[in-house]
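Trainee: pasting a predicted model and its sequence here:
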Amino acid sequence: MEHRTIVLVGLNHRTAPVEVRERVAFANGRLEPALRDLVALPGVLEGAIVSTCNRVEVIACGVDVGTVGGALPAFLAREHGLGEPALAGHLYTHADRAAVRHLFRVAASLDSMVVGEPQILGQLKEQYALAASVGASGRVLHRCFHKSFSVAKRVRNETGIAEKAVSVGSAAVEMARGIFDRLEDKTAMLVGAGAMGELTARQLLAQGVGSVLVVNRTYERAMDVARELGGMPVPFERLARYLPLADLVIGTASGDEFLVTPALVDEAMRERRRRPMLFVDLAVPRGFDPGVNAIDDVYLFDIDDLEGVVADNKGARAREAVKAETIVDAEVDAFWRWFTSLDVVPTIVALRDKVEGIRRREVERGLTALGAADPRLPEVLERVTSAIVNKILHGPLTALRRHEAHAGEAFYVEAARRLFGLGADPDDEEE
Amino acid sequence: MHVVLATLGDAVFALAFSASLLYLVQERRLKAHRGRGLLRHLPSLETLDRVNYTCLVWGLILLTLGIVSGIIWAHEVWGRSWSTDPKLVFSLLTWAVYVVLLQGRMTAGWRGRWAATLTIAGFAVIVLSLVSVNMLALGNHGKAF
């Protein structure tokens, strides 16, 4: 019988360095053909792909954990023209409940580099919509993704987990407000296109900052982020040339040496006729020389200053995280009950078929052994064995049907499957 | 006329002085990375700097008119337009400080902290002149009051 399973294979900022992530990320136009390839894999019924700068997740609903789980890493490698060994060690595979849980945690931004950052949900929605539009996703993934969106909403509304990410950005905004009267005519420069910087830049833009320059070591990434923010990419080597244009400089990159030195800022201040500059250094280790703060009309804040601005209560943060995980767990349970209820009817049918097959064979065997002694014997034997079988099955089948009606205990379907050996191979009915 | 212009000029400079003082307070707060507290509702540096600039321009216009009207008045009353009156000396000194500051602002891009400091210095000259001339009753102005 068909026993559906959900498998998720992916990599993220914790399991893979950026060099690997950027090779595995799906560029804009590449997602649709990849989704078609995904659902064409043997054993895959539904599929969806989530691809952001920090993660690539391939999620599939299929008929067998082993088959689907084995096919996905190869699929990911093939799509990017890589050898499977190139990805080995970076990929994680989650099956069934763990896969659902992972997706929910990603949506709720519990798995993000900056926990609580809100962008991931938007990206998830967008990319799920794409999977739905090309017909890659079906009933199971539809429910799974939409559940993940509502989990994210619950976590956002019921816990304070989102406040950390918001706080750093809004502290930067608050500092900017202390210096600048209006932000509309100001230019922000993003040095290093990291998640935190992008988030802060977004917040500044939401507050009305006029334009954004994006500087990054890899120019392609600068272009990507600039496109997303509606800003202008600047090659890394031209940082000094463009610095005088920036009123606010947000740093998320660091190197062996400081990227921004007092000498550089002095020069920039001369060129911009001493109009004030705000530097916000979110990088660890720091990317801007702390000496920059000593220059007149230049204000430098590092991440600790900002976190100090918003009183950081670690105990409260941990409590919020526990609360968020509890929400996720409860929602995974609810989803899993629904998912397994999909298997109730096939399980009932399989159970009946199996027992009925056993009964008929045993009756035949008995009759052959006895010979046709009494013409009424086959009929009696038939009736007696049917009665036994039905009475034995009555309990389990009732429990399973109740489960289907109420999406109750997932346990019964699983138990029935295991107890009666209703495995993947439906023909294997011999002991 | 002369008295009104001079008083108005001083008032506007007093405003510039207050803005500059607030500028330095806000500036210190930001440099020290203190986000919250009583002072967080201070106007932004940009606003304060603009107030400083506007006051500087208007104060200088009023001061110039005040000095010129004073010289004309003196010419009519005393028959000489120039004197070593301490008030005039102080006024010209004040005028010089603010002209230099405005010049710096307009051409060399002086602003922010340096402009605020100079504004405060300029106002100190005004205060000094008020104290010395009016309270110690020096020169013609002193006698007038």
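Mentor: Cool, the structure landed.
Trainee: give me the most central residue, chain A.
Mentor: Most central in chain A under C-alpha atoms, centre = their mean is A:Val106, positioned 3.5 Å from the mean C-alpha point.
Trainee: specify the local secondary structure of it.
Mentor: In terms of secondary structure, A:Val106 is helix; the call rests on DSSP: H, G, I helix; E, B strand; the rest coil.
Trainee: surely it meets A:Leu124?
Mentor: Yes - taking C-beta atoms under 8 Å as the contact criterion, A:Val106 and A:Leu124 are neighbours in contact, 7.1 Å apart. C-betas here are computed from N, CA, C, even on glycine.
Trainee: shared neighbours, those two?
Mentor: Each of A:Val50, A:Ser148 lies in contact with both A:Val106 and A:Leu124 under the rule C-beta atoms under 8 Å, 6 or more residues apart in numbering or on different chains.
Trainee: coming back round to it: what sits against the residue nearest to the centre of chain A?
Mentor: Contact analysis of A:Val106 by C-beta under 8 Å, 6+ apart lists A:Val50, A:Arg55, A:Glu57, A:Ser112, A:Ile120, A:Leu124, A:Ser148.
Trainee: and the first one, bridged to which residues?
Mentor: The reference is to A:Val50. A:Glu57 (DSSP bridges).
Trainee: taking the stretch 51-200 of chain A, what residue is nearest to chain B?
Mentor: Scanning the stretch 51-200 of chain A for the residue nearest chain B gives A:Asp181, at 3.8 Å (criterion: C-beta to the nearest C-beta).
Trainee: and that residue, how many neighbours?
Mentor: For A:Asp181, the number of neighbouring residues by other C-beta atoms under 10 Å in any protein chain shown comes to 16.
Trainee: what's the helix or strand for the closest residue in space to it that isn't next to it in sequence?
Mentor: Using C-beta to C-beta, 6 or more residues apart in numbering or on different chains and skipping the chain neighbours, the partner closest in space to A:Asp181 is B:Glu46 (3.8 Å). With elements delineated by DSSP states H and E, B:Glu46 resides in helix B:45-78, which encompasses its position.
Trainee: after that helix, which helix or strand is next?
Mentor: From helix B:45-78 onward toward the C-terminus, using DSSP H and E, the following helix or strand is helix B:86-103.
Trainee: tell me the angle the next helix or strand after that next one makes with helix B:45-78.
Mentor: Beyond helix B:86-103 on the C-terminal side, the first helix or strand identified by DSSP H and E is helix B:112-129. Direction vectors for helix B:112-129 and helix B:45-78, defined by axes from the mean of the first three to the mean of the last three C-alpha atoms, to 10 degrees, enclose an angle of 30 degrees.
Trainee: helices and strands around helix B:112-129, which ones?
Mentor: Where contact means 3 or more C-beta pairs under 8 Å, 6 or more residues apart in numbering or on different chains; DSSP states H and E, helix B:112-129 is packed against helix B:2-31, helix B:45-78, helix B:86-103.
Trainee: could the ones you listed go into CSV alongside mean neighbour count?
Mentor: Output for these, formatted as CSV (neighbours: other C-beta atoms under 10 Å in any protein chain shown):
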stretch, mean neighbour count
helix B:2-31, 19
helix B:45-78, 18
helix B:86-103, 18
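Trainee: out of those, which comes closest to A:Pro33?
Mentor: Comparing those against A:Pro33 with C-beta to C-beta, the closest turns out to be helix B:45-78 (50.8 Å).
Trainee: from the contact counts, what lies against that closest one?
Mentor: For helix B:45-78, the contact count by 3+ C-beta pairs under 8 Å, 6+ apart identifies helix A:163-179, helix B:2-31, helix B:86-103, helix B:112-129 as packing neighbours.
Trainee: could you redo the ones you listed as CSV and give each row mean pLDDT?
Mentor: CSV is the format used below for the helices and strands packed on helix B:45-78 (pLDDT from 0 to 100):
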stretch, mean pLDDT
helix A:163-179, 72
helix B:2-31, 84
helix B:86-103, 83
helix B:112-129, 85
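Trainee: right, and those helices - which one's nearest A:Gly83?
Mentor: A:Gly83 lies closest to helix A:163-179 among the helices and strands packed on helix B:45-78, at 36.5 Å (C-beta to C-beta).
Trainee: skip ahead from the closest one and say which helix or strand is next.
Mentor: Past helix A:163-179, heading to the C-terminal end, the next element that is a helix or strand (DSSP H and E) is strand A:187-191.
Trainee: does anything pack onto that following strand? Which helices or strands?
Mentor: In terms of contacts (3+ C-beta pairs under 8 Å, 6+ apart), strand A:187-191 is packed against helix A:195-206, strand A:211-216, strand A:248-251.
Trainee: pLDDT score for the residue of chain B at minimum distance from chain A?
Mentor: For chain B, the residue positioned closest to chain A under C-beta to the nearest C-beta is B:Gly109, at a distance of 2.8 Å. According to the prediction, B:Gly109 has pLDDT 72.
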